[in-house]
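> sharing a sequence plus its predicted fold:
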Amino acid sequence: MSSSDDVLKSLVSHAKEYGFVFPSSEIYDGLSATYDYGPYGVDLKNNIKAYWWKAMVQIHTNLVGLDSAIFMHPTTWKASGHVDAFNDPLIDNKDSKKRYRADVLIEEYLEKIRLKIEKEVEKAAQRFGDSFDRDMYLKTNARVLGYAEEMDQVRGKMKAALEAADLESLRQLIVDLGIVCPLSGSKNWTEVRQFNLMFATELGSVSGEASTIYLRPETAQGSYVNFLNVQKSARMKIPFGIAQIGKAFRNEIIARQFIFRMREFEQMEMQFFVRPGTEMEWFEYWKNFRIKWHSVLGLGSQNYRFHDHIKLAHYANAATDIEFNFPMGFKELEGIHSRTDFDLKAHETFSGRKQQYFDPELQESYIPYVVETAIGLDRMFLAVMSASYTEEKLEDGSERTLLALPRWLAPVKLAILPLLKKDGLPELALDIFKKLRLDYTCQYDEKDAIGKRYRRQDAIGTPYCITIDHQSLEDGMVTLRDRDSMSQERIPIQDLKGWLHQRLDMSVLLEQLT
Ligand code: GAP
């Protein structure tokens, strides 16, 4: 088993043991790619949502919210192209009977070559020491250039095959590259077929084809069909955006890697309506804003990278992913897409209703262009959990499991702990608890030795523990223990609120985005 598998396995078991994520309907052996969020998971999720919502809707005066229904008129999905084009190219291995996405097999092949380049660079960096010039090396080293050339060729062939929906060439590429099934190790592949990812269901009151409706595969279409409702009711002027958080459903074939790829998941999406011709400016603006939103959380800038799409979705004229270094490597966390006027135009055609905006400055009507930011809430949850999870060996030889969550997102912000369960300590601790819980999610805990209580809080990511001891009764001061450094300092009870505000309030985090 590779170490990335080990990390993911530890994370899955930690998430279950400490009430973050449970497999769905576990007593019936679970349902694949479906998960339930436990007591701490739901709070962490809500805090991520709140951070996104505040950063997008509260900070930007030209963004407003929407909560549209999961079910939409079936023509929506005809117009959006999802009925005809929301497909994955699938290939089966005849020996293992396992099904794969053909493009993912090729992407994984490319990733292996990329890692070979990284290895060459690492070796050279060691050889040359301080004088090593990474950029120069990448441009001049023959072996690296050979790998890069191979990657370009494979990418080019894959792009051409995907764009032409040429499934036979896609299969041929897999065969030519000698890609084997990770399970059986064999090259015994079927042909490549297209598979639509939408879940269909029946509307109760009608029968036949007309009754087929879909569970939405993205929230975006709810924002498009409400574009004029929102623009008029909220008196918005272009450029403006509609933000939405909600469930989406996809019948993913390769649904694995915990909550990374689920069949039921949640999206945080924003559609920004702009004057045609200005979309690339706004594409850049949102790229920069979104990466900033991630970076101020402090999960490590080395864990993010942009990846421009090879195959543009049927609606886009530019698209990039923000990839995150998950335990299984760099993978898509968020997409930023310039969707042109594709969706609104299609809805105008299919509905027969005008989807145009009258621009008072230009004195003309047009269908706006759209720049979209789309992030999976569950994926963000996994990014936060995986970057925060550590198993530490302490100086005294003991071990602790630490969830060093960004403080603002932690499900429990404070633990209030009387050192002993007597001598008036619980009374003072409860008094502090009752005051602080008005501002923060707090836990009061008087059970077990203090060290054991600290460990419990470390494991769920509580940033600060406040300990009340005998001295507190005399000098009105408490001990504040920092989760990450385990350092302790004494603070007067009356100063607690101000001290905590600077460290825990989301407004302080949001300020960094303005
Ligand atoms: N409206 C555009 C759209 O839906 P997408 O790239 O297909 O674009 C946006 O999805 C984000 O939703 C992705 O970046 C990812 O974070 C998340 N996402 C997509 N499919 C998912 C799945 N099966 N499970 C969990 N998250 C998913």
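Right, received. Where do you want to start? Residues are numbered from 1 along each chain as shown.
> A helix includes G30, no?
No - assessed by DSSP: H, G, I helix; E, B strand; the rest coil, G30 does not belong to a helix; its assignment is coil.
> excluding its backbone neighbours, what's nearest it?
Spatially, and ignoring its direct neighbours in sequence, G30 is nearest to P23 (4.0 Å; CB to CB, 6 or more residues apart in numbering). Every residue, glycine included, has its C-beta placed from N, CA and C.
> before we move on, what SS does the closest residue to S169 other than its chain neighbours have?
Spatial nearest neighbour of S169, excluding adjacent residues (CB to CB, 6+ apart): A161 at 4.1 Å. Per three-state DSSP, the secondary structure class of A161 is helix.
> so for A161, what's the pLDDT?
Looking at A161, its pLDDT stands at 93.
> what of E474?
For E474, pLDDT reads 95.
> so what's the residue count around it?
Here the number of neighbours of E474 (other CB atoms under 10 Å) works out to 8.
> also P411?
P411: 24 neighbours (other CB under 10 Å).
> contacts only, for it.
By CB atoms under 8 Å, 6 or more residues apart in numbering, the contact list for P411 reads P39, Y40, G41, V42, D43, L44, N47, T441, I460, G461.
> hang on, the third one in a helix?
Yes - following the definition three-state DSSP, G41 is counted among the residues of a helix.
> from memory it sits against H14, does it?
No - applying CB atoms under 8 Å, one finds G41 not in contact with H14, separated by 11.5 Å.
> which one of these two is surrounded by more residues?
G41 (22 against 18).
> before we move on, the earlier item: isn't the residue nearest to G30 up against Y37?
No - counting by CB under 8 Å, P23 does not reach Y37; the two are 11.5 Å apart.
> measure how far stretch 365-380 is from the centre of its chain, please.
14 Å (CA atoms, centre = their mean, to the nearest Å).
> what's the answer for stretch 302-314, then?
14 Å.
> got a list of contacts for that stretch?
Applying CB under 8 Å, 6+ apart, the external contacts of stretch 302-314 come out as 81, 85, 103, 155, 158-159, 162-163, 287, 291, 294-295, 316, 318-325, 330, 332-333, 337, 342, 383, 387.
> buried members of those residues into PyMOL, please.
Buried residues within those, by 16 or more other CB atoms under 10 Å, are selected in PyMOL with:
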select buried, resi 103+158+162+287+291+294+316+318+319+320+321+322+323+324+325+330+332+333+337+342+383+387
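> so which of the contacts of stretch 302-314 belong to strands?
Residues of these located in strands (DSSP state E): A318, A319, T320, D321, I322, E323, F324, N325, F330, E332, L333, H337.
> need those in CSV (columns: distance to M236 and pLDDT).
Formatted as CSV, these follow (distance: CB to CB, whole Å; pLDDT from 0 to 100):
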residue, distance to M236, pLDDT
A318, 24, 92
A319, 25, 95
T320, 26, 96
D321, 28, 96
I322, 27, 98
E323, 32, 97
F324, 32, 98
N325, 37, 96
F330, 36, 94
E332, 30, 95
L333, 29, 98
H337, 21, 95
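> now those residues as TSV including distance to I466?
Below are those laid out as TSV (distance: CB to CB, whole Å):
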residue	distance to I466
A318	49
A319	47
T320	43
D321	41
I322	36
E323	38
F324	33
N325	34
F330	39
E332	40
L333	34
H337	45
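> pull the contacting residues for A55.
So A55 contacts W293, L510, L513 (CB under 8 Å, 6+ apart).
> who wins on neighbours among the residues you listed?
W293 (22 neighbours).
> name the nearest residue to it, ignoring sequence neighbours.
Spatial nearest neighbour of W293, excluding adjacent residues (CB to CB, 6+ apart): A55 at 5.4 Å.
> need the three-state assignment for the one you found.
Per three-state DSSP, A55 ends up helix.
> quick one: it from I48, how far?
According to CB to CB, to the nearest Å, A55 and I48 sit 11 Å apart.
> could you report the neighbour count for A102?
Look at A102: counted by other CB under 10 Å, it has 24 neighbours.
> can you check the one 5 residues further on too?
The local packing of E107 (other CB under 10 Å) involves 15 other residues.
> next to the ligand, which bits of the protein? Give me the list.
Residues of the chain lying near the ligand by CB under 6 Å from any ligand atom: 218, 220, 250, 252, 261-262, 265, 267, 269, 332-335, 372, 374-376, 378-379.
> again, only using 8 Å
Residues of the chain lying near the ligand by CB under 8 Å from any ligand atom: 33, 217-220, 248, 250, 252, 255, 259-263, 265-267, 269, 313, 321, 332-335, 337, 372, 374-380.
> give the contact list for F350.
Neighbour list for F350: T75, K78, A79 [criterion: CB under 8 Å, 6+ apart].
> ok, those residues vs the ligand, which is closest?
Lowest distance from the ligand to the contacts of F350 (CB to the nearest ligand atom) belongs to A79, with 14.5 Å.
> from the stretch 401-514 of the chain, which residue is nearest to the ligand?
L409 (16.9 Å).
> still on that earlier bit, is the residue nearest to G30 bridged to anything, and to what?
Y35 (DSSP bridges).
> what's the distance between it and G81?
34 Å.
> cool, and N251?
Taking CB to CB, one finds N251 at 17 Å from G81.
> so what's the closest residue to F342 other than its chain neighbours up against?
Distances taken as CB to CB, 6+ apart put Y315 closest to F342, at 4.1 Å, once the chain neighbours are dropped. Y315 sits next to S80, G81, H337, R339, T340, F342, D343 when contact means CB under 8 Å, 6+ apart.
> do the same with A200
Per CB under 8 Å, 6+ apart, neighbours of A200: T212, I213, Y214.
> leaving out sequence neighbours, find the closest residue to the last one.
Computed as CB to CB, 6+ apart, the closest residue to Y214 that is not its neighbour in sequence is M198, at 4.7 Å.
> dump the residue contacts of Y214.
F71, M72, P74, W77, H82, M198, F199, A200, T201.
> in which helix or strand does it reside?
strand 212-214 (DSSP states H and E).
> can you list contacts of the helix or strand that comes right after that strand?
Going down the chain from strand 212-214, the next helix or strand is helix 220-225, by DSSP H and E. For helix 220-225, the surrounding residues in contact (CB under 8 Å, 6+ apart) are 66, 68-69, 72, 76-77, 80, 216, 230, 242, 244, 246, 269, 271, 343-344, 347, 370, 372, 374.
> so which of those belong to helices?
T76, W77, V230, D343, L344, H347 (DSSP state H).
> I'd like to know how many residues surround the fourth one.
Put plainly, it is D343. Neighbours of D343 (other CB under 10 Å): 25.
> what's the answer for the second one, then?
When neighbours are counted by other CB under 10 Å, W77 registers 22.
> that one is in contact with D84, isn't it?
No - with contact defined as CB under 8 Å, W77 does not count as touching D84 (9.3 Å).
> can you tell me the SS state at the residue nearest the centre of the chain?
For the chain, the residue nearest the mean C-alpha position is M380 (2.8 Å; CA atoms, centre = their mean). Using three-state DSSP, the structure places M380 in helix.
> now swap in the one 5 residues further on and tell me
Using three-state DSSP, the secondary structure recorded for M385 is helix.
> still on that earlier bit, who has more neighbours, P23 and Y37?
A count of neighbours by other CB under 10 Å puts Y37 above the other of P23 and Y37, at 20 against 17.
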